[in-house]
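show me how the following folds:
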Amino acid sequence: MGWRRGQAYGQDLRDRVLAADGPVREVARRFAVSESYVARARSRQLLGQVSAGVQCNHVPLRLQGLEGALSERVAAAPEQTLAQLCQWVEAEHEVRVSLSTMWKTLGRLGLTLKKSRSRPQSSSVPT
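As a prediction, the model looks like this:
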């Protein structure tokens, strides 16, 4: 059985574990699962839940609803720093985010912060 961390056991195994009679330790050994799995499955069965529980590993994005406003802000003033954008989001939308969150959000949106040069680029380029 190819079990990976974070995945529930299959429903067929769960049904066989719940149908098996005997002590928790013996059932766990028979089906090569942990004792805590058998105990939890049995306690969930008493509550009327025989299917696997919902796994919620996804953390919602902090700036999920602000992509449009953020895109407009960066388009209007691309010379802003990440810190300035974080301050703007906190002041305007009352959402406090870290620099890394802002950086990842801008990357997800395909936006970059480009600094404007204060003087023109040199025509003589060293080789």
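
where in the protein is pLDDT low?
For the chain, residues meeting the criterion pLDDT under 70 lie at 1-6, 57, 114-127.

tell me the phi and psi of Gly110?
According to degrees, to the nearest 10, the main-chain angles of Gly110 amount to phi 80, psi 20.

walk me through the domains of the chain.
11-46, 64-109 (automatic domain parsing).

okay if I get the ones you listed as CSV plus distance to Gly53 and mean neighbour count?
Quick note: C-beta positions are derived from backbone N, CA and C, even for glycine. CSV is the format used below for those (distance: least, C-beta to C-beta, whole Å; neighbours: other C-beta atoms under 10 Å):
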stretch, distance to Gly53, mean neighbour count
domain 11-46, 7, 14
domain 64-109, 25, 14
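
which residues of the chain fall in helices?
Here the chain has its helices, by DSSP state H, at 11-19, 24-31, 35-46, 67-76, 82-93, 99-109.

list of residues touching the shortest one?
The reference is to helix 24-31. Leu13, Arg16, Val17, Ala20, Gly22, Ser34, Glu35, Tyr37, Val38, Ala39, Arg42 (C-beta atoms under 8 Å, 6 or more residues apart in numbering).
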